[in-house]
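Chemist: here is the input, now give the coordinates:
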Amino acid sequence: MCGRFALTCSVADLSDFFSGLDLDDFPARYNIAPTQPILVVIAGEGRERGSNLPDRRAVLVRWGLTPGWVKDPKDFPLLINARAETAIGKASFRAAMRHRRVLIPASGFYEWRRPSKESGEKPQAYWIRPRRGGVVAFAGLMETWSSADGSEVDTGAILTTSANGGISAIHDRMPVVINPEDFSRWLNCKTQEPREVADLMQPVQDDFFETIPVSDKVNKVANMGPDLHEPVAIERLLNAPEKQRPGDGQLSFF
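Modeler: Residues are numbered from 1 along each chain as shown. The predicted structure follows:
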């Protein structure tokens, strides 16, 4: 599960990471929550003549995918994540897996270790970021929902997979990470069918992320400052949890 993440890098760093992506300036965001706008990278229509750079575009979508066939989003669950193992066959994600795969840039994500009720322990929030620093690209899906009055909303979800050895003591799921050398293959929905990119939807190597215990300030959407990343001390070692649930505090879009 991935219920909160952050994007705090500079426009220049993000542009370089995606090989010359054209971007407007944007503020650092330390607590991105479901239903809020998120930046996604999509394949463009074609390279400009004489350019050696890949053709990619950045767009904003609402975090929480709504399939095009949904009549009323109020009667449909908010799909912030899609399980990579089953997304190809799920009605909610099948079309997006085939036609609208995207990349979702992030500086890292938050996860909660939720002990059993019997333990008496409180949930512990973790800021999980690339050990090397910089930006990471999550695999994502995009869908445009159209209302009866003709208005449209672009929506998106983050693909998740089973947690690697570095994350499993906190949660049993984690976002799918797409490496830069695989960006073009993941975004190429014209010739790369879902089964041909299935190998990309695997847990990233165990030492890719570092996990930092942080305060429960991240639970509240109103808290949006860099202090959310300040580490806190914890008293006991981690044990693998039995079951996990995302944090609350989701916003209403409709």
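
Chemist: from now on I want contacts and neighbour counts done on CA atoms only, so please keep to that.
Modeler: OK.

Chemist: what sits against the residue nearest the centre of the chain?
Modeler: Computing the C-alpha centroid of the chain and ranking residues by C-alpha atoms, centre = their mean puts residue 158 first, at 4.1 Å. Applying C-alpha atoms under 8 Å, 6 or more residues apart in numbering to residue 158 gives the contacts 2, 80, 81, 82, 104, 138, 139, 140, 141, 175, 176.

Chemist: quick one: buried ones out of these?
Modeler: When burial is judged by neighbour count using 16 or more other C-alpha atoms under 10 Å, the buried members of these are 2, 80, 81, 82, 104, 138, 139, 140, 141, 175, 176.

Chemist: the third one contacts residue 157, doesn't it?
Modeler: Yep, that's residue 81 we're talking about. Yes - counting by C-alpha atoms under 8 Å, residue 81 does reach residue 157; the two are 5.1 Å apart.

Chemist: what ranges of the stretch 51-200 of the chain fall below the confidence cut-off?
Modeler: Within the stretch 51-200 of the chain, the set of residues satisfying pLDDT under 70 comprises 51-52.

Chemist: which ones among the buried ones among the contacts of residue 158 are found in strands?
Modeler: Using DSSP state E to define strands, the subset of the buried ones among the contacts of residue 158 located there is 81, 82, 104, 138, 139, 140, 141, 175.

Chemist: still on that earlier bit, ok, so of the contacts of residue 158, who is nearest residue 218?
Modeler: Proximity of those to residue 218 (C-alpha to C-alpha) peaks at residue 2, which lies at 13.3 Å.

Chemist: gap between that closest one and residue 83?
Modeler: Distance of residue 2 to residue 83, given as C-alpha to C-alpha, to the nearest Å: 11 Å.

Chemist: same question, residue 151
Modeler: The gap separating residue 151 from residue 83 is 29 Å, by C-alpha to C-alpha.

Chemist: quick one on the thing from earlier: which pair in the ones in strands among the buried ones among the contacts of residue 158 spans the largest distance?
Modeler: The largest separation in those, counting by C-alpha to C-alpha, is between 82 and 104 at 13.5 Å.
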